[in-house]
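Asks: Structure for this input, please:
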Amino acid sequence: KRPDVSKLASCWEILEKDFETILEGEFARIDEEFGLYMAADLNKIQAQEKDLKERVQVRAKEAESKLDPGKAQELRAMALSIANEAETAKEHREAAKVARINLARRKVRARKEALRKSLGEEPTEAIGKELLKEQLPSEEVIKQLSAYEALAEVSATAASCFRALQVVALRPPEEISRTASKDAPISPVSFGWASEEQKEKDLVHATAEALPELHACLDSLRKRLQQEKDTAPEVNQKLRIIATDEDKMTKDDKREFIMFEGQQEYDWERQISLKMKEQMRKRDVHTKECLQRITRALHRRWRRERDREKARSLERIDALIKAMDATEAELDRIRKEHLQIAQEQVDELESERRRLQEQTRVLMGAALVVRQEKARINQAWYAEPREKRALTFQSLKIIRRLHSDMINFPVTAEFKQKHSVLLYSLRMLEGRLRKDCPTAKDTDVQEGPLEETPELKAQLDQVDAEFEEQLA
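Replies: Now for the predicted structure:
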């Protein structure tokens, strides 16, 4: 049966008191455990110190018995240095003990806080970078620990973080209200499309934010191990000879001892290599099993949620399709309406342009006729008197007819000025022609429509073609 997360969260105030009691017990256990561990280390250091000092003192007495006070003094100085090195080692172990105790206390508090956050509204905070930072050893702490202790602390913290990640991933989802109205507005969240705020609470996002802290810790551990490798302590050969009683061995014993040490080193390296391979195999198996368990749980949860939400999802999809169809119909109506309005405006603009073009064409035709008649008048000046009278009379009738047509021609406001200029030119030209034709009567006007010459017609056709091209 799945745990009721909401009930557990509501009882947190009651559980917190019990957790405080548990924390006190954990702190006492940590102090006792590390106290015993440190006592064993100190006893080991003291035993090694005592053994080396005894060996050195024995050799110092032997040197004195052989009347070699210089060597005896050197050996006693070596014994004093052994005591100093032992005290330094004890201080380092004490500092490492304090650092590990503080780190263990922080881990216990962080586990409690992670449990509280995993029961809260934002469970992804249980694997956030702040809690991870509390559990990981800092670079200063790693420097105080031995290489083995630093590796063990980082490994234990990584395993704890992986466990917390599994807990958050397998946390039962909150029950979502199923009583929402079917007619509720459709939103991206309705279809599972997370907003930016929801993405920040996502498990993957929270894990990605916490990874830099783990990377920084691993980088500090790498530097610590590299420093341990590059700056290995130098072995005092004289002290080594005394510790192994090599100075009392025969040549055969030394050869056997060296072979034994080589075999021991080979066996140790081989044992470490096999142990590392076995640990890596176990790690891969453990990780695979955990991921498979999480995958099965999440798939089962997803299938259950999918089956439960299937009918509602289909209804929402149907509502979305209808909304999209209605939207497309409305867009089509608006598009047609705009196209109709645009076509009406185009037709109105084209009608206005054609009306202006028509007046432009009439005024231009009149101007071309005036220019044509001026050319005829200029030609009449050099003709015979009889021919001159005929040409002038013909021009007068044409100008009178054109003048009459222009007076009766309706002109828009845009062409009033050009129309007035044209009428003025026609009046002046008519007055000039009347002087040249004194016998002409007021009724002498060109009958019928004015004939267009091929040249005039070609010019007007060109103007019409340019207008149609521009309009298109």
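Asks: All the helices of this structure, residue numbers only.
Replies: 5-10, 12-65, 69-118, 129-135, 139-144, 147-169, 196-200, 203-230, 237-243, 251-380, 385-408, 416-436, 454-471 (DSSP state H).
Asks: Tabulate those (CSV), appending mean neighbour count, mean pLDDT and distance to residue 445.
Replies: Where C-beta positions appear, they are placed from N, C-alpha and C, glycine not excepted. CSV is the format used below for the helices of the chain (neighbours: other CB atoms under 10 Å; pLDDT from 0 to 100; distance: least, CB to CB, whole Å):
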stretch, mean neighbour count, mean pLDDT, distance to residue 445
helix 5-10, 13, 72, 107
helix 12-65, 14, 85, 114
helix 69-118, 16, 85, 108
helix 129-135, 19, 79, 104
helix 139-144, 16, 85, 115
helix 147-169, 17, 80, 106
helix 196-200, 10, 47, 87
helix 203-230, 15, 81, 96
helix 237-243, 14, 80, 143
helix 251-380, 12, 86, 14
helix 385-408, 17, 76, 5
helix 416-436, 15, 79, 11
helix 454-471, 12, 74, 20
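Asks: Can you check which of the ones you listed gets nearest to residue 443?
Replies: Among the helices of the chain, the nearest to residue 443 by CB to CB is helix 385-408 (9.5 Å).
Asks: angle of the closest one against helix 251-380?
Replies: 120 degrees (axes from the mean of the first three to the mean of the last three CA atoms, to 10 degrees).
Asks: Can you tell me which helices and strands helix 385-408 packs against?
Replies: Contact analysis of helix 385-408 by 3 or more CB pairs under 8 Å, 6 or more residues apart in numbering; DSSP states H and E lists helix 251-380, helix 416-436 as its packing neighbours.
Asks: ok now it, how far from the chain's centre?
Replies: Chain-centre distance of helix 385-408: 86 Å, with CA atoms, centre = their mean, to the nearest Å.
Asks: do the same with stretch 69-79
Replies: With CA atoms, centre = their mean, you get 70 Å for stretch 69-79.
Asks: ok, residues contacting that stretch?
Replies: 52-53, 56-57, 59-61, 63-64, 238-239, 242 (CB atoms under 8 Å, 6 or more residues apart in numbering).
Asks: could I get those as JSON lines with distance to residue 40?
Replies: Formatted as JSON lines, the contacts of stretch 69-79 follow (distance: CB to CB, whole Å):
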{"residue": "52", "distance to residue 40": "19"}
{"residue": "53", "distance to residue 40": "20"}
{"residue": "56", "distance to residue 40": "25"}
{"residue": "57", "distance to residue 40": "26"}
{"residue": "59", "distance to residue 40": "29"}
{"residue": "60", "distance to residue 40": "30"}
{"residue": "61", "distance to residue 40": "32"}
{"residue": "63", "distance to residue 40": "35"}
{"residue": "64", "distance to residue 40": "36"}
{"residue": "238", "distance to residue 40": "29"}
{"residue": "239", "distance to residue 40": "23"}
{"residue": "242", "distance to residue 40": "25"}
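Asks: which among those gets closest to residue 437?
Replies: The nearest member of these to residue 437, counting by CB to CB, is residue 239 at 148.5 Å.
Asks: Need the nearest residue in space to the closest one, chain neighbours excluded.
Replies: residue 78 (6.5 Å; CB to CB, 6 or more residues apart in numbering).
Asks: Distance of the one you found relative to residue 44?
Replies: Counting by CB to CB, to the nearest Å, the gap from residue 78 to residue 44 is 20 Å.
Asks: what do you get for residue 224?
Replies: 22 Å.
Asks: same question, residue 342
Replies: Distance from residue 342 to residue 44, counting by CB to CB: 96 Å.
Asks: again with residue 388
Replies: Using CB to CB, one gets 147 Å for the distance from residue 388 to residue 44.
Asks: same deal with residue 260?
Replies: Relative to residue 44, and taking CB to CB, residue 260 is found at 23 Å.
Asks: Please apply the same query to residue 413.
Replies: For residue 413, the distance to residue 44 equals 116 Å [CB to CB].
Asks: Kindly report the same for residue 6.
Replies: 53 Å.
Asks: quick one: contacts for the closest residue in space to residue 107 that isn't next to it in sequence?
Replies: Of all residues not flanking residue 107 in the chain, residue 135 sits nearest, at 5.0 Å (CB to CB, 6+ apart). Contacts for residue 135 were tallied using CB under 8 Å, 6+ apart; they are 106-107, 110, 157, 160-161.
Asks: hang on, residue 117 packs against residue 111?
Replies: No. With contact defined as CB atoms under 8 Å, residue 117 and residue 111 do not form a contacting pair (10.9 Å).
Asks: Show the backbone phi and psi for residue 145.
Replies: When read as degrees, to the nearest 10, the backbone of residue 145 gives phi -90, psi 160.
Asks: What is the burial count for it?
Replies: For residue 145, the count of nearby residues is 23 (other CB atoms under 10 Å).
Asks: Now do the same for it: its pLDDT.
Replies: Predicted confidence (pLDDT) for residue 145: 85.
Asks: could you list every residue that touches the closest residue to residue 290 other than its chain neighbours?
Replies: Spatially, and ignoring its direct neighbours in sequence, residue 290 is nearest to residue 166 (5.8 Å; CB to CB, 6+ apart). Residues in contact with residue 166 (CB under 8 Å, 6+ apart) are 290, 293-294.
Asks: Between these, which sits nearest residue 329?
Replies: residue 294 (47.0 Å).
Asks: Verify the stated contact: that closest one with residue 167.
Replies: No. Using CB under 8 Å, residue 294 makes no contact with residue 167, being 10.2 Å away.
Asks: residues contacting residue 112?
Replies: Residue 112 makes contacts with 19, 23, as judged by CB under 8 Å, 6+ apart.
Asks: Not counting sequence-adjacent ones, nearest residue to residue 350?
Replies: Nearest non-adjacent residue to residue 350, counting by CB to CB, 6+ apart: residue 471, 6.7 Å away.
Asks: Pretty sure residue 116 sits against residue 12.
Replies: Yes. With contact defined as CB under 8 Å, residue 116 and residue 12 form a contacting pair (6.3 Å).
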